[in-house]
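> quick one: sequence and predicted model below, then my questions.
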Amino acid sequence: MPITVLTLVGSLRAGSTNRALAQAVAHHAPPGVDVVVFEGLGELPFYNDDLQEAGAPASVVALREAVLAADAVLLVTPEYNGGLPAVLGTAIDWISRPYNVGAVRGVPAAVIGTALGRSGGTRAQEIGRRALSIAGAHVLDAEFLAVPGSSKRYAELHPRDDADVERGAAAVLSALAAAAELARVPA
């Protein structure tokens, strides 16, 4: 049975290099790994306990169901002002609830991305890994992909054609698949 990796892209912009990176990761997925990009992040309201108690909005239910149906989660994030985009923070807030039994609890997860600066978005990635870990996900720290200088690097090259992305995607997806296989084994 294939491993399904649900991908949450932190940039909502149509021409986003992180969306292109997510597409490249899907393109380079090893056999037996299906990478699915969740398309509804822009519809999520900011987390609010009142909304949770009244019954989660349809967009939240769709996200939670997608996480529950997946074997692993991959965040693909830019870095905004040294941090994680609000849309990803909001998504993590929603999938971490209800407390201690959220949809992401125990799910293998990784964080990758590309950004304009020299660090390739590592600060945002660190924040994403920490937030997912606190939410209960099994975060893979050893495998990550941070691509610096995205505007220049991808001015004429699609991430799919970048050898560094191909290698990094293979490493991250292989690690997620291995963690997901372990999670499938009954205790």
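Nice, I can see it. What you see is a predicted model; the values in this text were computed from it and never measured. Numbers count the residues shown, from 1 in each chain.
> give me the most central residue, this protein.
Among the residues of the chain, residue 75 comes closest to the average C-alpha position under CA atoms, centre = their mean, at 1.4 Å.
> secondary structure element holding that residue?
For residue 75, the element it lies in under DSSP states H and E is strand 72-76.
> for that strand, packing partners?
Based on contacts counted as 3 or more CB pairs under 8 Å, 6 or more residues apart in numbering; DSSP states H and E, the elements that strand 72-76 packs against are strand 3-9, helix 17-27, strand 108-114, helix 122-134, helix 163-184. Heads up, the C-betas are built off the backbone N, CA and C, glycines and all.
> adding mean pLDDT and mean neighbour count, write those out as JSON lines.
Formatted as JSON lines, these follow (pLDDT from 0 to 100; neighbours: other CB atoms under 10 Å):
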{"stretch": "strand 3-9", "mean pLDDT": "99", "mean neighbour count": "23"}
{"stretch": "helix 17-27", "mean pLDDT": "97", "mean neighbour count": "23"}
{"stretch": "strand 108-114", "mean pLDDT": "97", "mean neighbour count": "29"}
{"stretch": "helix 122-134", "mean pLDDT": "97", "mean neighbour count": "19"}
{"stretch": "helix 163-184", "mean pLDDT": "95", "mean neighbour count": "17"}
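> and the strand holding residue 75, which strands flank it?
If you go by DSSP bridges, strand 72-76 pairs up with strand 3-9 (parallel), strand 108-114 (parallel).
> ok so, going back, go through the helices and strands packed on strand 72-76 and name the closest to residue 155.
helix 17-27 (9.9 Å; CB to CB).
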